[in-house]
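Quick one: sequence plus predicted model below, questions after.
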Amino acid sequence: MIICPSCAHSNPDGATNCEACFTPLPVVVMINCSNCGASVQSDASFCGHCGFDLKSTKATEVAVSVAPETAVPQPAAVAATSSPVVPDPSLVAPPLTSPDDLTEISTVPPPVIAASTAQSFGNSAKTQLQTIRASLFHVQTNITLELPAHLPVIHLGKPNNVIPPDIDVSGFPDSDVVSRVHADIRFEGDAFYFEDTGSSNGSYINNTALPAGNRHRLRAGDRIALGKGDKVSFIFQTT
């Protein structure tokens, strides 16, 4: 089926215009999953039927097509300067003339770091430890799910033997519209991104269908619907 990007109406495969609003539909190329043989979109990351990682298969095909003798450009050599480098006399240690000189050198006190510099180091360490906390507020049950802070990729879906979900929605009402491997939330830099991984019934951001393989930068207040009909919906929140 093809989801209309304008009104989110489900159109049959092969349709060129939306049956509901007559908007031109994007061209969708279907392929067969190399694991279970199910029909999925060519730009999907995962099979919505068995959860097989389609990206790994595509990466292998691309790697085989690359010629192994591809030349790697080498950096240009740096020309040497004609004039010699003269060291600063003040930075050169004087020669030792007696054992007393060695004693004087060993008793030189270590450098003192200014308090303002040490304080700036401490502030920098505290800044690195700070993290952005995020959660999903389930609209239908008023339940808040905290996103795991230690995971760069958070899997949403239902229990399966391929990619177990970090956020399990199987206990929510109408969870039958959600695929076992449905979507991912990624944390990169200082932002969260939502990506549909090839689910059967699609994902919607603020009531707009998100094509499989595409991702959306989440902002506080965004509404995420897993599957059709806005039956399993979440509000993205940050603190």
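Looks like it came in fine. Residues are numbered from 1 along each chain as shown.

quick one: least confident helix or strand in this protein?
Ranked by mean pLDDT, DSSP states H and E, the weakest helix or strand in the chain is helix 115-129, scoring a mean of 44.

Outside of whatever helix or strand comes next after it itself, list whatever touches it.
Next helix or strand after helix 115-129 toward the C-terminus (DSSP states H and E): strand 134-138. Strand 134-138 is contacted from outside by 143-147, 167, 172, 192, 218, 224, 232-239, using Cβ atoms under 8 Å, 6 or more residues apart in numbering. C-beta here means a position set from N, CA and C on the backbone, and glycine is covered the same way.

Please convert the buried members of those into ChimeraX selection syntax.
Paste this into ChimeraX to select the buried members of the contacts of strand 134-138, with burial taken from 16 or more other Cβ atoms under 10 Å:
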select :145,147,167,172,192,218,224,232,233,234,236,237
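
Which residues are in contact with Phe52?
Here Phe52 is in contact with 33-36, 46, 162 (Cβ under 8 Å, 6+ apart).

Now for those, which sits with the most neighbours around it?
Among these, Phe46 has the most neighbours (other Cβ atoms under 10 Å), with 30 neighbours.

For the nearest residue to it once chain neighbours are set aside, the count of nearby residues, please.
Leaving out its chain neighbours, the residue that sits closest to Phe46 by Cβ to Cβ, 6 or more residues apart in numbering is Thr197, at 4.0 Å. Close neighbours of Thr197, defined as other Cβ under 10 Å, add up to 25.

hang on, Thr197 packs against Leu54?
No. The pair Thr197 / Leu54 is not scored as a contact, 9.0 Å apart, by Cβ atoms under 8 Å.

which neighbours do the two share?
Going by Cβ under 8 Å, 6+ apart, residues that sit against Thr197 and also against Leu54 are 44-46.

Surely Lys231 and Val169 touch.
No. Contact criterion Cβ under 8 Å: Lys231 and Val169 do not qualify, at 10.7 Å.

And these two? Which one has more around it.
Set side by side, Lys231 and Val169 show more neighbours around Val169, with 22 against 18, by other Cβ under 10 Å.

What residues does that one make contact with?
Counting by Cβ under 8 Å, 6+ apart, Val169 has contacts 156-158, 175, 178, 182, 226, 232.

Much appreciated, bye for now.
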